[in-house]
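S.K.: I would like to see how this sequence folds:
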Amino acid sequence: MEEEGGLPAKQPWRVLEFYSGIGGMRYSVMKAGLQTEMVEAFDINDLANDVYEHNFGHRPFQGNIQTLTAADLDRYCANVWLLSPPCQPYTRQGLQKQSADARASSFLRILEIIPQLMLPPVMLFVENVVGFETSDTHQKMVQILEESQFEMQEFILSPLQFGVPYSRPRYFCLAKRKPSSFCNPEFNRQLLHVPELLVGCNESISISENGQLTSTSDKMLQTCLPIERFLEFGNSMNQVENGTSFPPDTCSDESSLKQYFVPSNLIERWGSAMGILDIKFGIDIVYPDSKRCCCFTKSYYRYVKGTGSLLTTVMPKTRDKTSLEELCLRYFTPREVSNLHSFPKEFEFPEHVTLRQRYALPEKCTEFGVRIVSHMYEIINTHGI
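M.R.: Next up is the predicted model:
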């Protein structure tokens, strides 16, 4: 027995998870409380698959997605597809080769298979970087989905809109195959920058050239939790205001804070170049009570400028005019970065994954926030398919 549109009635959705990374999409489904059966996951990254297997007990298919045929995908009998394809072809810092980039070819191949399927999915969920929505790959996706009788709703959303102090706007697309439909069809084929008409928010945001939020309303920031709620070692404002920081020897060897403090030679170099704190040099410094931090890239911890925010462990008398040395800056830990991505507390990395790899994997494989994606699933579940 099936519901309207082909989803099974009172049975779990059968889900295929493409570009599964370290499991962000899967955690999102779990957080949304949906009844699903994860039929298969696909990712070519060996290390990401190690992390996925460690947390879920299942190792994703690691072959080349481009070798999959329509018959292969039909055999899974999946009615929901989750896709988070490589974002490098569309990033504004990159070459912006779009579909001409070899890393776009696997997603294009998956799209081209859809019209050939005997059992096409009833619903697709696509996530990517801001910039994808203006690409020729996006145009191709829209063309194929519309020709295959899908209706689409598209969004640019940031974790800031969902109470997470993490500035990381992303592109999201929900697609449903007819006769299934959205309960607000007037939003079909529109790019919504806020979920205002779905979740009752009347604020709007704008996106800068590098994909960051250029302005955030007071209301939005007021609803965000402070960064201290996401910290592994609990740098509370009481400790910071008292001029204290966590001594490295109070933590376990593996997660000792000592390795996360910014080296003094870098502090000295910045101090001579800058004199006082100034974020125009590409260094973003936040405090435990801050309600925003910049997105973390895979180069975080190796480089500083433009790779993510640094956390102060000592409160200066004047926040905007002080020497960098006085701030006792440290990097966010990998666990804290995972927290800001809204990964659950039970998520963990296998022991053989190095510190630098732990920083790189969330950026490479799960740049979206788990909380955003789970909220989108809740919208689907609330309004029906």
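S.K.: for residue 29, give me phi and psi.
M.R.: With angles defined as degrees, to the nearest 10, residue 29 sits at phi -60, psi -40.
S.K.: wait, I meant residue 285
M.R.: With angles defined as degrees, to the nearest 10, residue 285 sits at phi -110, psi 130.
S.K.: check which helix or strand residue 121 maps to.
M.R.: Counting by DSSP states H and E, no helix or strand carries residue 121.
S.K.: any chance you could map the strands in this structure?
M.R.: 13-18, 36-42, 80-83, 123-129, 150-157, 170-177, 191-192, 206-207, 213-215, 285-286, 310-312, 329-331 (DSSP state E).
S.K.: so which elements touch the last one?
M.R.: Going back to what we said before, that points to strand 329-331. strand 310-312 (3 or more Cβ pairs under 8 Å, 6 or more residues apart in numbering; DSSP states H and E). C-beta: built from backbone N, CA, C; applies to glycine.
S.K.: show me what the strand it packs on packs onto, helices and strands only.
M.R.: Checking 3+ Cβ pairs under 8 Å, 6+ apart, strand 310-312 ends up next to strand 285-286, strand 329-331.
S.K.: and the strands of the chain, which one averages the lowest pLDDT?
M.R.: Among those, strand 213-215 carries the lowest mean pLDDT, a mean of 46.
S.K.: how about residue 69, nearest residue that isn't a chain neighbour?
M.R.: Closest residue to residue 69 apart from its sequence neighbours, by Cβ to Cβ, 6 or more residues apart in numbering: residue 113 at 7.3 Å.
S.K.: give me the distance between that neighbour and residue 35.
M.R.: Per Cβ to Cβ, to the nearest Å, residue 113 is found 26 Å from residue 35.
S.K.: surely residue 349 touches residue 343?
M.R.: No. Applying Cβ atoms under 8 Å, one finds residue 349 not in contact with residue 343, separated by 10.5 Å.
S.K.: just name the most buried of the helices and strands packed on strand 310-312.
M.R.: Ranked by mean neighbour count, these are led by strand 329-331 with a mean of 22 (mean count of other Cβ atoms under 10 Å).
S.K.: contacting residues around it?
M.R.: 257, 260-262, 267, 285, 300-301, 308, 310-313 (Cβ atoms under 8 Å, 6 or more residues apart in numbering).
S.K.: rewinding a little: got TSV for the strands of the chain, with distance to residue 230 too?
M.R.: Formatted as TSV, the strands of the chain follow (distance: least, Cβ to Cβ, whole Å):
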stretch	distance to residue 230
strand 13-18	26
strand 36-42	27
strand 80-83	25
strand 123-129	21
strand 150-157	19
strand 170-177	18
strand 191-192	27
strand 206-207	23
strand 213-215	18
strand 285-286	11
strand 310-312	10
strand 329-331	14
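S.K.: now for those, which one comes closest to residue 353?
M.R.: Smallest distance to residue 353 across these (Cβ to Cβ): 16.8 Å, for strand 329-331.
S.K.: remind me which residues of the chain are low pLDDT?
M.R.: Within the chain, the stretches with pLDDT under 70 are 1-10, 93-95, 194-221, 234-255, 268, 270-282, 319-322, 363-385.
S.K.: those helices in the stretch 1-150 of the chain, which residues are they?
M.R.: 24-32, 46-56, 70-74, 105-113, 136-147 (DSSP state H, counting those that start in this stretch).
S.K.: got TSV for those, with distance to residue 185 and mean neighbour count too?
M.R.: Output for the helices of the stretch 1-150 of the chain, formatted as TSV (distance: least, Cβ to Cβ, whole Å; neighbours: other Cβ atoms under 10 Å):
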stretch	distance to residue 185	mean neighbour count
helix 24-32	22	23
helix 46-56	36	19
helix 70-74	28	15
helix 105-113	23	19
helix 136-147	14	17
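S.K.: redo those as a markdown table? Include distance to residue 130.
M.R.: Putting the helices of the stretch 1-150 of the chain into a markdown table (distance: least, Cβ to Cβ, whole Å) gives the following:
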| stretch | distance to residue 130 |
| --- | --- |
| helix 24-32 | 17 |
| helix 46-56 | 22 |
| helix 70-74 | 29 |
| helix 105-113 | 17 |
| helix 136-147 | 12 |
